[in-house]
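A.B. asks: Take this sequence and fold it.
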Amino acid sequence: MALDNDRLLKPFRHRAGLPDPGEELGGWYQGPDANNPGQCFGQYLSGLSRFAGVTRDASTYAKVRNLVAGFGQTVAPDGFSYADKQAATFAPAYDIDKNQIGLIDAYQCAGLAEAKDLLPRIVRGAVPYLPSRAFDQYENPRQSPVDESYTLPENLLNTYELTGDAYFLAVARRFFLDGSYFDPLARGTNVLPGLHAYSHVNALSSACKAYAVLGDNKYLLAALNAWEMIERTQQFASGGWGPNEKFVEPGKGLLGESLLNTHASFETPCGSYAHCKLARYLMGFTGESRYGDGMEGVIYNTVLGAKDPSGTGQFFYYSDYHAGAQKTYHSDKYPCCSGTLPQVVADYAINCYFHDESGLYVNLFAPSQVRWNLRGQEIRLAQNTRYPDADSSELRFTLDSDAEFSLFVRIPGWLESHAQISVNDKPLEIPAERGSFAAIRRKWKNNDTVQIALPFTLRTDPVDDRHPDIIALMWGPLMLVAIDAPLEIPRNAILSSAGAMKARPYRASEFELIRPAGSVTFKPFYKVQSETYTTYMRQT
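C.D. replies: Residues are numbered from 1 along each chain as shown. The predicted structure is shown next:
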């Protein structure tokens, strides 16, 4: 909201020959280091539109309207919408993909009809600059390595759905990365090692959208198998993946080795955005709670711990799992993670609940309210909780009349003891296996309540199968890190006795490791500010 509209629109106005007041933003957005000026404009517009839809805030709606109007004035009669000719040749796919989602969200979330009208124009204007097909990131020597043409189909298919114009379906088909990516993944062949991690997870959302629109089961299989491969062979305890922005070869201990050779462990806002988006697709297709588990882990242990933006263009980029790390900003202003950060944060709201014809699914445990229409009746649910500072939550229904439906509650896969579920404070004897949705079917009345307890326990998570003794410490869904710890901690035995860990009084989810050489504090990654921290350590 604090970004000046004139500064955001400046590169587009300059190219169009319009008055362009305001200073250049600098960094990657516009300035001497900007190979691709204006690259995050569509993401900022998308994030603002999503916030407008969530909050109904008048000033946010106004900013979206003004940005869409200002951008629309710069679009050429032939639909050319790039910030300059350099952007149109350096990363044409990257830019049009971002600007598409900005306009799609401005229409769908903020209700701007002019955004829907502008959308097909800019896509048609971009097509002459796009490559002939989807080139993988390092495949085409004439293509910038940042031009991720293989992520295009998702938003091209969104444009097709909004306009009904088969032209955009045909363009989308042109950019499916079938031969080298979706086809082998669908067969169960792991082709992830060496690929750029964030953009190839983002490309899996194109596979999901292709399945939703075309009904081709290959694309669903590709996404499902890829999730399994990532979860089983690529993930840190945080749920993040891709040290140095690359997937590693499984079975060689490369995640563990990365703890010593890089500070770029997980490309956080971008990776968490792609991860949660993919999880929503797969949960919607399958109804399986594992995707909610993955979403929860990444939200609490990566993006929720991102260092707040500076207000002058500096943004958190990498989560660092190296010993003695600190949270820092990217060296350049307005990098790509400045665009996905507002998108993923706005999406917290749509990650909490899902529904189908049988009822409502509670996916995340967060203070929230939801309303939905069930056979003509509005159902309202409020969730009251201090989770994850507490391991319980209470749900309360507001109904105009009694209504029969199912309430499904996610029972996390990380649980080591039984979940406890009560209705109106009376315990229920229902299946509530970890890694599932517990179903409560009944005729609900106004002010009915549901109490949920998910007992947290301390446990360890090895970094990979070659380093079973290098572990992160987990508390329920939370990854704990050692604060200002002596650097010898990762090389020495830790947690050899469960009694060595003591809960800190009046400090929720924080612990002390009692050692002869002095105690060490552990706290969740999202609570870390400027302290040094160590994520992984040795256990005997």
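A.B. asks: separation between the nearest residue to residue 241 once chain neighbours are set aside and residue 32?
C.D. replies: Excluding the flanking residues, the one nearest residue 241 by C-beta to C-beta, 6 or more residues apart in numbering is residue 234, at 4.2 Å. Using the backbone N, CA and C atoms, a C-beta is placed for each residue, glycine as well. Distance, residue 234 to residue 32, using C-beta to C-beta, to the nearest Å: 36 Å.
A.B. asks: With residue 449 instead?
C.D. replies: Taken as C-beta to C-beta, the span from residue 449 to residue 32 is 59 Å.
A.B. asks: So which of these two has more stuff around it?
C.D. replies: Just comparing residue 449 and residue 32: by other C-beta atoms under 10 Å the higher neighbour count belongs to residue 449, 14 against 7.
A.B. asks: per-residue pLDDT, the closest residue to that one other than its chain neighbours?
C.D. replies: Spatial nearest neighbour of residue 449, excluding adjacent residues (C-beta to C-beta, 6+ apart): residue 396 at 5.0 Å. On the pLDDT scale, residue 396 is placed at 98.
A.B. asks: which residues sit in contact with residue 396?
C.D. replies: Applying C-beta atoms under 8 Å, 6 or more residues apart in numbering to residue 396 gives the contacts 381, 382, 384, 447, 448, 449.
A.B. asks: ok, so of the residues you listed, who is nearest residue 528?
C.D. replies: residue 384 (27.0 Å; C-beta to C-beta).
A.B. asks: Which secondary structure state does the residue lying closest to the closest one once chain neighbours are set aside sit in?
C.D. replies: Among residues not flanking residue 384 along the chain, residue 394 sits closest, at 4.9 Å (C-beta to C-beta, 6+ apart). Following DSSP: H, G, I helix; E, B strand; the rest coil, residue 394 is assigned to strand.
A.B. asks: same thing with residue 314?
C.D. replies: Taking three-state DSSP, the label given to residue 314 is coil.
A.B. asks: again with residue 223
C.D. replies: Going by three-state DSSP: residue 223 is helix.
A.B. asks: residue contacts, it?
C.D. replies: Going by C-beta under 8 Å, 6+ apart, residue 223 touches 185, 204, 207, 208, 211, 278, 281, 282.
A.B. asks: Just give me how far stretch 239-254 sits from the chain centre.
C.D. replies: 18 Å (C-alpha atoms, centre = their mean, to the nearest Å).
A.B. asks: ends of it, how far apart?
C.D. replies: 16 Å (C-alpha to C-alpha, to the nearest Å).
A.B. asks: Can you tell me which helices and strands the helix or strand where residue 300 lies packs against?
C.D. replies: Using DSSP states H and E, residue 300 falls within helix 290-301. Other elements packing on helix 290-301 under the criterion 3 or more C-beta pairs under 8 Å, 6 or more residues apart in numbering; DSSP states H and E are helix 217-233, helix 268-286, helix 348-351, strand 478-483.
A.B. asks: And the shortest one, what's buried?
C.D. replies: Buried residues in helix 348-351, defined by neighbour count with 16 or more other C-beta atoms under 10 Å: 348, 349, 351.
A.B. asks: got JSON lines for those residues, with distance to residue 216 too?
C.D. replies: Below are those laid out as JSON lines (distance: C-beta to C-beta, whole Å):
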{"residue": "348", "distance to residue 216": "31"}
{"residue": "349", "distance to residue 216": "31"}
{"residue": "351", "distance to residue 216": "27"}
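A.B. asks: Pick the one among these closest to residue 73.
C.D. replies: Lowest distance from residue 73 to the buried residues of helix 348-351 (C-beta to C-beta) belongs to residue 349, with 31.2 Å.
A.B. asks: Need the nearest residue in space to that closest one, chain neighbours excluded.
C.D. replies: That would be residue 54: by C-beta to C-beta, 6+ apart, it lies 4.6 Å from residue 349.
A.B. asks: And for the one you found, the neighbour number?
C.D. replies: 16.
A.B. asks: Would you confirm that it belongs to a helix?
C.D. replies: Yes. Counting by three-state DSSP, residue 54 is part of a helix.
A.B. asks: Next one: it from residue 370, what distance?
C.D. replies: On the measure of C-beta to C-beta, residue 54 and residue 370 end up 12 Å apart.
A.B. asks: What does residue 439 show for phi and psi?
C.D. replies: With angles defined as degrees, to the nearest 10, residue 439 sits at phi -100, psi 130.
A.B. asks: Now do it: how many residues are near it, please.
C.D. replies: 15.
A.B. asks: Pull the contacting residues for it.
C.D. replies: So residue 439 contacts 406, 407, 408, 430, 431 (C-beta under 8 Å, 6+ apart).
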